[in-house]
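In: Attaching a predicted model along with its sequence, questions to come.
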Amino acid sequence: MKKKQTTSYFDYTLVVIIVFLLAFGLVMLYSASSYSAQLNGQKSTFYLNKQIVNDIVGIVALLFAVSIDYHKWYKLGALWYLLAIVAVLSVLTPFGVSKYGATRWVAIGPLSLQPSEIAKVAVIVFMAILICKLGKNVGNPKALTLMIVFPAIISGLVLVFNDNLSTAIIILGISLVMIFVAHPKYRPFVIMAVLVLVAGFAVIKYAASIDISDTAGKSFRLKRIVVWLDPEKDASDKGYQVLQGLYAIGSGGIFGKGLGNSIQKLGFIPEAQNDMIFAIICEELGLFGAICVILVFVVMIWRLMIIASNAPDLFGSLITVGVMAHIAIQVILNIAVVTNTIPNTGVTLPFISYGGTSIMFLMFELGLVLNVSKQIVIKK
């Protein structure tokens with residue numbers, strides 16, 4: 001009887017997608033940022049050059065994660081959780097830096113980073129370790145409470161000390177997806193979904209009853225919901241960016257105005273290279289280009305699902321699910337904000353928006369996934 005031959009696996013398709021998104025991101029970043037860079041007295045390639053450096057650091061982070069057996073991270077469960085807490089609270093140190101009205105960055109000399117991005121990676125690995133250690137008890141109500149409380153604490157710290165609701169939602173969302181995949185029952189998640197929908201509907205109904213002129217002194221997040229319901233009522237303030245983004249999307253048509261020909265990036269959309277870069281993609285490349293970008297992300301999610309399904313163990317599978325959830329949630333939130341499907345909140349488009357910390361830790365996460373993929377054994 002012949003023995004079955006085995007061969008190792010490595011997801012080169014995922015590597016190609018990563019390279020494409022990095023390259024495409026650089027092209028769109030230069031197109032979106034060249035005018036604003038010159039307006040600020042910099043060279044047109046200012047943001048492009050910085051992002052190239054960011055991408056190189058990200059590639060190094062990916063290669064580092066690929067080179068280390070992901071099983072070695074398993075013994076560091078408590079340290080990962082502690083790292084998440086320390087990262088979030090580091091903004092309270094003298095190194096904390098305030099930008100755009102919130103203290104979300106830490107600067108050490110010329111280097112600056114957003115600690116909440118570290119927390120995302122830490123939570124993914126910690127939750128994978130926690131779920132694995134719970135084992136068959138994962139379906140126990142006490143275990144479910146424990147799995148929700150740990151990431152909820154991190155999300156709460158991010159919201160309170162970093163004043164960053166979007167990151168808090170992403171961290172909690174990643175954790176819930178990982179728990180959902182591991183949990184044997186659907187009922188608790190259906191109940192949670194219903195409660196969230198009811199609460200959301202109540203907040204929207206309350207916001208709809210408020211006049212934009214009566215929002216002075218109220219939470220800025222409530223004002224964002226009021227503006228989301230009718231941006232034109234506050235076209236000169238909070239609704240301005242939303243409207244300019246919608247103008248960009250609408251003017252792009254089916255095939256766009258052509259690469260580099262955006263009008264809205266010429267000072268109309270503030271910081272076009274950041275959260276609103278998808279609007280520039282729509283304006284320059286049209287609906288066709290926007291759909292192509294979305295499809296690339298869909299293929300990436302599909303490849304991550306393949307790796308998660310064939311991972312050699314539960315730990316590797318959960319890490320991959322966490323990374324998949326992170327990318328999917330962030331892409332959905334960014335596009336939803338740009339298209340005014342949800343209230344405005346600061347979420348970057350992975351691999352394409354300008355940002356050093358984001359790309360570095362996203363690449364580290366994908367390095368972990370590629371490490372999982374290369375340990376998949378295919379029987380022939």
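Out: Structure's in. What do you need?
In: who touches stretch 369-380?
Out: Contacting residues not belonging to stretch 369-380 are listed as 4-11, 14-15, 62, 65-70, 304, 307, 310-312, 316-317, 319-320, 323 [Cβ atoms under 8 Å, 6 or more residues apart in numbering]. Every C-beta, even on glycine, is put in place using the N, C-alpha and C of the backbone.
In: Stretch 224-244 too?
Out: Residues contacting stretch 224-244 (Cβ under 8 Å, 6+ apart): 203-204, 207-208, 210, 212, 215, 223, 246, 264, 268-270, 276, 279, 340, 342-345.
In: PyMOL command for the buried members of those?
Out: Burial among the contacts of stretch 224-244 is assessed by 16 or more other Cβ atoms under 10 Å; the matching PyMOL selection reads:
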select buried, resi 207+212+215+223+246+264+268+269+276+279+340+342+343+344+345
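In: before we move on, back to that, weed out the non-buried ones from the contacts of stretch 369-380.
Out: With burial judged by 16+ other Cβ under 10 Å, the buried subset of these is 9, 11, 14-15, 62, 65-66, 70, 304, 307, 310-311, 316-317, 319-320, 323.
In: if I read this right, Ala128 contacts Ile319, doesn't it?
Out: Yes - counting by Cβ atoms under 8 Å, Ala128 touches Ile319, with 4.9 Å between them.
In: how about Ile352, what does it touch?
Out: Shown in contact with Ile352 (Cβ under 8 Å, 6+ apart): Leu21, Phe24, Gly25, Met28, Leu29, Ile277, Phe278, Ile281, Val293.
In: try 10 Å this time
Out: 21-22, 24-29, 32, 51, 273, 277-278, 280-281, 293, 297, 331, 334, 359 (Cβ atoms under 10 Å, 6 or more residues apart in numbering).
In: now it, nearest residue through space, not along the chain?
Out: Ranked by Cβ to Cβ, 6 or more residues apart in numbering and with sequence neighbours excluded, the top spatial neighbour of Ile352 is Gly25, at 4.0 Å.
In: so how far is Leu159 from that neighbour?
Out: Using Cβ to Cβ, to the nearest Å, Gly25 is found at 28 Å from Leu159.
In: circling back to that earlier point, next step: the contacts of stretch 224-244 restricted to helices.
Out: In this view, the contacts of stretch 224-244 that belong to helices under DSSP state H are Val203, Ile204, Ala207, Ala208, Lys223, Leu246, Ala279.
In: For the fourth one, give its distance to Leu222.
Out: With distances defined as Cβ to Cβ, the gap from Ala208 to Leu222 amounts to 11 Å.
In: Val369 now?
Out: Computed as Cβ to Cβ, the Val369 to Leu222 distance reads 38 Å.
In: Kindly report the same for Val121.
Out: Taken as Cβ to Cβ, the spacing of Val121 relative to Leu222 amounts to 31 Å.
In: Least confident secondary structure element in the protein?
Out: Least confident helix or strand of the chain, by mean pLDDT, DSSP states H and E, is strand 6-8 with a mean of 58.
In: Neighbours of Gly253, how many?
Out: 13 (other Cβ atoms under 10 Å).
In: quick one, what contacts the nearest residue to it once chain neighbours are set aside?
Out: Counting by Cβ to Cβ, 6+ apart, Gly253 lies nearest to Gly286, which is 5.4 Å off, once chain neighbours are set aside. The contact partners of Gly286, taken as Cβ under 10 Å, 6+ apart, are Ile249, Ser251, Gly252, Gly253, Ile254, Phe255, Gly256, Lys257, Gly258, Cys292.
In: Work out for me the element Ser353 sits within.
Out: Under DSSP states H and E, no helix or strand contains Ser353.
In: residues in contact with it?
Out: Ser353 makes contact with 25, 28-29, 32, 51, 271, 273-278, 330, 334, 347, 359, according to Cβ under 10 Å, 6+ apart.
In: what's the neighbour count on Phe288?
Out: Neighbours around Phe288, by other Cβ under 10 Å: 14.
In: Check what pLDDT it gets.
Out: For Phe288, the pLDDT comes out at 96.
In: picking up where we left off before, give me the more crowded residue out of Gly25 and Leu159.
Out: A count of neighbours by other Cβ under 10 Å puts Gly25 above the other of Gly25 and Leu159, at 21 against 18.
In: Restricted to helices, list the contacts of Ile352.
Out: When DSSP H is applied, the contacts of Ile352 are split such that 21-22, 24-29, 32, 51, 277-278, 280-281, 293, 297, 331, 334, 359 fall in helices.
In: Just the buried residues of the residues you listed.
Out: Buried among the ones in helices among the contacts of Ile352 (16+ other Cβ under 10 Å): 21-22, 24-26, 28-29, 32, 51, 277-278, 280-281, 293, 297, 331, 334, 359.
In: Longest strand in this structure, please.
Out: Using DSSP state E, we find that the single longest strand of the chain is strand 102-108.
In: pLDDT weak spots in the stretch 201-350 of the chain?
Out: Filtered on pLDDT under 70, the stretch 201-350 of the chain yields the residue ranges 212-218, 235-236.
In: what do you get if the cut-off is 80, keeping everything else the same?
Out: Scanning the stretch 201-350 of the chain for pLDDT under 80 picks out 208-223, 232-238, 346.
In: so where do the strands sit in it?
Out: Taking DSSP state E, counting those that start in this stretch as the criterion, the stretch 201-350 of the chain contains no strands.
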